[in-house]
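Colleague: What follows is a predicted protein model with its sequence.
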Amino acid sequence: MTCCNKTHTDRLRRRALTYFDADVADECRNVASKALCSECEPGFGTGERTGLCQSVCDKWFAACADTMFTTSSISSEYIPCAFNSMLCWRLGDVVSSGKDFCDKQGVKIVDDPTRCYDGQMHEKFRNIVRQQHKESRARSKFSSPRWASMIRSVSRQPRKLAILAISIIASSVFLLGLTCSSSNASERIHGNEAER
């Protein structure tokens with residue numbers, strides 16, 4: 001069995017960030033993030049899930065079909081065009097289906113609905129991940145009341161508002177990392193088993 005570690009989540013974060021560095025519709029960005037981060041869903045680490053459901057690939061393709069894509073310079077997968085991309089095309093013009101898109105992305109499709117990732121975490125892992133996120137938020141210096149207070153105090157001060165906006169963006173990137181590293185709970189489970 002395998003579980004994601006920092007190396008895995010860093011790689012997935014880099015792939016997911018290509019959807020944030022380009023002009024991409026929110027739905028395309030959201031579905032892509034779920035599909036790309038699915039590798040670190042605890043069900044994969046335990047071997048209960050072995051790939052994406054066809055429905056996830058279909059949603060991913062449908063959400064991104066009108067988005068401009070290019071080929072990654074590192075791999076042969078398609079990524080959204082960045083502002084400095086030289087050659088771009090509309091995804092729907094070069095890919096005909098969700099299956100074709102997932103194949104091009106190197107994502108395995110599994111036909112068995114009990115073994116594929118459908119966009120939702122297995123219920124048994126949800127409580128573990130919720131607890132982990134709760135602990136993380138408790139440790140964070142950026143609690144909701146503090147953000148609300150900061151927003152009220154800088155709402156009429158443009159320079160401070162710009163600094164606050166940059167902080168919010170940085171926090172969003174951090175939270176993307178938390179989303180992609182949801183398998184830390186699974187790592188704890190497997191780590192404890194390995195120590196025994």
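Modeller: Done, it's in. This structure is a prediction, so every number in the text was calculated from the model and none was measured.

Colleague: Which parts of the protein are strands?
Modeller: Secondary structure of the chain (DSSP state E): strands located at 51-52, 68-71, 78-80, 89-90, 116-117.

Colleague: Rebuild these as TSV, extending it with mean pLDDT and distance to G45.
Modeller: Bear in mind the C-beta positions are built from the backbone N, C-alpha and C, glycine included. As requested, those are exported to TSV (pLDDT from 0 to 100; distance: least, CB to CB, whole Å):
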stretch	mean pLDDT	distance to G45
strand 51-52	91	14
strand 68-71	92	30
strand 78-80	91	26
strand 89-90	94	36
strand 116-117	88	12
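
Colleague: With distance to F44 and mean neighbour count as added columns, please give those strands in JSON lines.
Modeller: JSON lines is the format used below for these (distance: least, CB to CB, whole Å; neighbours: other CB atoms under 10 Å):
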{"stretch": "strand 51-52", "distance to F44": "9", "mean neighbour count": "23"}
{"stretch": "strand 68-71", "distance to F44": "26", "mean neighbour count": "19"}
{"stretch": "strand 78-80", "distance to F44": "22", "mean neighbour count": "21"}
{"stretch": "strand 89-90", "distance to F44": "31", "mean neighbour count": "14"}
{"stretch": "strand 116-117", "distance to F44": "7", "mean neighbour count": "24"}
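
Colleague: A138 is nearest to which of those?
Modeller: Among those, strand 116-117 comes nearest to A138, with 28.9 Å by CB to CB.

Colleague: Could you spell out the sheet neighbours of the closest one, each with its direction?
Modeller: Strand 116-117 pairs in its sheet with strand 51-52 (parallel), by DSSP bridges.
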